[in-house]
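In: build me a structure from this.
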Amino acid sequence: MSDQILNLGPYMAAVRARLKRLEEEEFSPRLWQKDPSLWKEDPKHQLVIRNALGWLDVVGKMEKNLEDFSQFTANIKASGFKHIVHMGMGGSSLAPLTFQRAVPRPSGGLPITVLDTTDPATILRIERSVPLGETLFIVASKSGTTAEPAAFGEYFYAKVKAIKGPQAGENCVAITDPETPLVKLAQERGFRRIFWGCQDIGGRFSALSHFGLIPITLMGLNVGELLSRAKQMVQACSPSLPLGNNPGIILGAALGELALQGRDKLTLILPESISSLGLWLEQLLAESTGKEGKGILPVDGELIGEPPIYGQDRVFVYIHLAEEKDERFERSVKELQKTGQPVITIQMNDRLDLVQEFFRWEIATATAGAILQINPFDQPNVQESKDNTYRFLAKVRQEGRLPDYLPTLQEDPLSFFTDEKGEKGRDLLKAFLAKAQPGDFFALQVYLPDEPETTKALQIIRRQIRHRLGLATTMGYGPRYLHSTGQFHKGGPNKGLFLQMTADDREDALIPGSPYSFGTFKMAQAMGDLEALKAHGRRALSVHLGKNITEGLEILIRIIEEAFKT
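Out: Okay, here's the model as predicted:
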């Protein structure tokens, strides 16, 4: 099983004291008894919590479905399918995405593409790259009402219907809770199969349920072995073992106690081979803990730097594979420890141990939530951005277009939208960045295609900010981040500076049955979230890059450099 080592320096005594207190409170047995009073006394919260702890025993339930999984996969292959497109958002897509990027597909497994963006260029690329008539499309939505997978489903159902006519439903599968609107739609269209979600498991805790297991089964992975490995972590975290040996509770106690002491930026150090785990952890931690003005901010994908650039608000988690030693990472982690930064090291035996990490971190997140005295199983602020988006789209239905807001400043090809004042872009950026305080963080919210060159340019901006301001930096592609860090952004502590980026779409694609396109949908999401941030008094600035994303980013990088020099 995966190893875990805590090097917390002066914080170790506080964590030990916290563990002792948890033991005295019988935290572990009460957790497994699903006692909601561990988190909240309020009856409304307790009702939500009682209906959100099914992930504790989901592994045993899923083991009973192994024969069904095997037969389903055999049927899909026998039916001539050559590709899988899994369509979801947040908890319904991030576990499959983690495995798709981190675990090589075994011989005989079907290639899988995970779609979790409303970016039209990405959707069109998928459409053009897969054999539509021989592709199985999985629509994954716990509620059955999530707008993004609903739109994906409409789009690709129409494309397959143009090829196969009334038999188009044979190319579709739904994963959703019972009695949702998606169930009704799947029945009407004759979907090949409906897999039921567990009503007592929230989306971000659903990695070891049908939402995570059906796609990776089709990838050709041995789900029986994966569940067997997951069970090892379940047993290690069970109440039958001493709390002092419980890897999940120990990790959660460390994260919760460190957050109370100001170390609330959980900085992930991950090798490229398993870097996709960071996306899953990002949602689990941010959406679970970022509320009531509290939270643990996961910092994923930030390039590792020299120890002096980091403040006193960090805790580092280094996750690596036993079979892959990265000397640069090893050296950097040792230097961080020498300078007194708290570091937690987790060694996975191989990539299939990802399932153990899913369960370890779910226990840790539940534990940290109890220490922070928040309900880690709701997401009260996620709906705000959704509601704003729906209001903007209603305007499109009525008036045929989104509201046309005038920019604060245009500096071709860039358009700036902010309350700051200035004659040039550098003046606006300088005024915006001057609002940063020690312990803040800087978030890039990017409504652009998720492409390597774009990510490379965004990393330059992250390095600029960290080097000049000493802030932790995060970066999320929209709308994916709305279902992960989006909760933290509005519900967590008011420590963020938010730089949103949009651009003209190279191509667009209409959503069947809707009076708007994916490009309009994506822009409405950006506008809706910006409005929600401002409603919560967050410091936010939006930049529209124009038609050429590469050129726009190059100019923005230069303007930020100028802002720091003036």
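In: who's in contact with residue 309?
Out: 466, 467, 470 (Cβ atoms under 8 Å, 6 or more residues apart in numbering). From N, CA and C alone the C-beta is placed, and that goes for glycine too.
In: rerun that using 6 Å as the cut-off
Out: By Cβ atoms under 6 Å, 6 or more residues apart in numbering, residue 309 lies in contact with nothing.
In: ok, now how distant is it from residue 401?
Out: Distance of residue 309 to residue 401, computed by Cβ to Cβ, to the nearest Å: 45 Å.
In: quick check: which element contains residue 398?
Out: For residue 398, the host element (DSSP states H and E) is helix 382-399.
In: hmm, I typed the wrong one, I wanted residue 374.
Out: Using DSSP H and E, no helix or strand contains residue 374.
In: hey, C-alpha coordinates of the helix holding residue 398 in CSV?
Out: Taking Å, rounded to 0.1, in the frame of the first residue of the first chain, the C-alpha atoms of helix 382-399 are listed here in CSV:
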residue,chain,number,x,y,z
VAL,A,382,-21.6,26.9,-7.0
GLN,A,383,-25.2,27.6,-7.9
GLU,A,384,-24.7,31.3,-8.0
SER,A,385,-22.5,31.3,-11.1
LYS,A,386,-25.0,28.8,-12.7
ASP,A,387,-27.9,31.0,-12.0
ASN,A,388,-26.1,34.0,-13.4
THR,A,389,-25.2,32.0,-16.5
TYR,A,390,-28.9,30.9,-17.0
ARG,A,391,-30.0,34.6,-16.7
PHE,A,392,-27.5,35.6,-19.4
LEU,A,393,-28.7,32.8,-21.6
ALA,A,394,-32.3,33.8,-21.0
LYS,A,395,-31.4,37.2,-22.4
VAL,A,396,-30.0,35.5,-25.5
ARG,A,397,-33.4,33.7,-26.0
GLN,A,398,-35.2,37.1,-25.6
GLU,A,399,-32.9,39.4,-27.5
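In: how distant is it from the center of its chain?
Out: 22 Å (Cα atoms, centre = their mean, to the nearest Å).
In: for stretch 221-230, same thing?
Out: 23 Å.
In: okay, now residue 188: neighbour count?
Out: Residue 188 has 9 neighbouring residues, counting by other Cβ atoms under 10 Å.
In: and what of residue 196?
Out: As a burial measure, residue 196 scores 15 neighbours (other Cβ under 10 Å).
In: give the contact list for it.
Out: residue 178.
In: next one: residue 440
Out: Contacts for residue 440 were tallied using Cβ under 6 Å, 6+ apart; they are 471, 495.
In: do you know how far it is from residue 425?
Out: From residue 440 across to residue 425, the span is 22 Å (Cβ to Cβ).
In: give me the buried positions along stretch 263-281.
Out: Under the neighbour-count criterion of 16 or more other Cβ atoms under 10 Å, stretch 263-281 has 263-270, 273-281 buried.
In: can you count the residues close to the residue nearest to residue 224 when sequence neighbours are not counted?
Out: Using Cβ to Cβ, 6 or more residues apart in numbering and skipping the chain neighbours, the partner closest in space to residue 224 is residue 66 (5.2 Å). Neighbour count for residue 66, taken as other Cβ under 10 Å: 15.
In: what about residue 66, distance to residue 566?
Out: According to Cβ to Cβ, residue 66 stands 63 Å off from residue 566.
In: residue 282 now?
Out: In this view, residue 282 and residue 566 are 34 Å apart by Cβ to Cβ.
In: neighbour count winner among the two?
Out: residue 282 (26 against 10).
In: what is the subsequent helix or strand relative to whatever helix or strand the more buried one lives in?
Out: Following DSSP H and E, one finds residue 282 within helix 277-289. Per DSSP H and E, the first helix or strand lying C-terminal to helix 277-289 is strand 297-299.
In: what packs against the helix holding residue 398?
Out: For helix 382-399, the contact count by 3 or more Cβ pairs under 6 Å, 6 or more residues apart in numbering; DSSP states H and E identifies helix 518-535 as packing neighbours.
In: can you tell me which residues contact residue 344?
Out: Per Cβ under 6 Å, 6+ apart, neighbours of residue 344: 6, 317.
In: pLDDT value on it, please?
Out: For residue 344, the model assigns a pLDDT of 98.
In: which SS class is residue 110?
Out: The three-state label given to residue 110 by DSSP: H, G, I helix; E, B strand; the rest coil is coil.
In: what's the answer for the one 4 residues further on, then?
Out: Look at residue 114: counting by three-state DSSP, its state is strand.
In: how near is it to residue 55?
Out: Distance from residue 114 to residue 55, by Cβ to Cβ: 21 Å.
In: repeat that for residue 405.
Out: 42 Å.
In: more crowded one of these two?
Out: residue 55 (23 against 11).
In: sec struct for the more buried one, please.
Out: Put simply, residue 55 is helix when judged by three-state DSSP.
In: out of everything not next to it in sequence, what's closest to it?
Out: Of all residues not flanking residue 55 in the chain, residue 205 sits nearest, at 4.1 Å (Cβ to Cβ, 6+ apart).
In: let me see the domain layout of this structure.
Out: 3-39+242-372, 57-227, 382-565 (automatic domain parsing).
In: kindly check the end-to-end length of the first one for me.
Out: So the one you mean is domain 3-39+242-372. End-to-end distance for domain 3-39+242-372: 26 Å, by Cα to Cα, to the nearest Å.
In: quick one: distance of that domain to the chain centre.
Out: Put simply, domain 3-39+242-372 sits 16 Å off its chain's centre (Cα atoms, centre = their mean).
In: one more: the last one?
Out: Average the C-alpha atoms of domain 382-565, do the same for its chain, and the two points are 18 Å apart (Cα atoms, centre = their mean).
In: quick check: mean pLDDT across it?
Out: Domain 382-565 comes out at a mean pLDDT of 96.
In: so which of the domains of the chain gets nearest residue 49?
Out: Residue 49 sits nearest to domain 3-39+242-372 of all the domains of the chain, at 3.8 Å, using Cβ to Cβ.
In: which stretches of the stretch 1-150 of the chain have low pLDDT?
Out: The stretch 1-150 of the chain contains no residues with pLDDT under 70.
In: for it, which segments count as strands?
Out: 3-7, 83-87, 112-115, 135-140 (DSSP state E, counting those that start in this stretch).
In: now swap in the stretch 401-550 of the chain and tell me
Out: So, for the stretch 401-550 of the chain - with DSSP E, counting those that start in this stretch - the strands run 409-411, 414-417, 441-446, 472-477, 496-502, 539-544.
In: show me where the stretch 301-450 of the chain has helices.
Out: 327-338, 354-372, 382-399, 425-433 (DSSP state H, counting those that start in this stretch).
In: okay, these in TSV with mean neighbour count and distance to residue 510 next?
Out: TSV is the format used below for those (neighbours: other Cβ atoms under 10 Å; distance: least, Cβ to Cβ, whole Å):
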stretch	mean neighbour count	distance to residue 510
helix 327-338	14	46
helix 354-372	26	37
helix 382-399	16	12
helix 425-433	21	34
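In: now those as CSV including distance to residue 521?
Out: As requested, the helices of the stretch 301-450 of the chain are exported to CSV (distance: least, Cβ to Cβ, whole Å):
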stretch, distance to residue 521
helix 327-338, 39
helix 354-372, 30
helix 382-399, 7
helix 425-433, 28
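In: closest one to residue 482 among the ones you listed?
Out: helix 382-399 (5.5 Å).
In: what residues does that closest one touch?
Out: 402, 482, 486-487, 515-516, 524-525, 527-529, 531-532.
In: tell me the one among those residues nearest to residue 360.
Out: residue 487 (21.6 Å).
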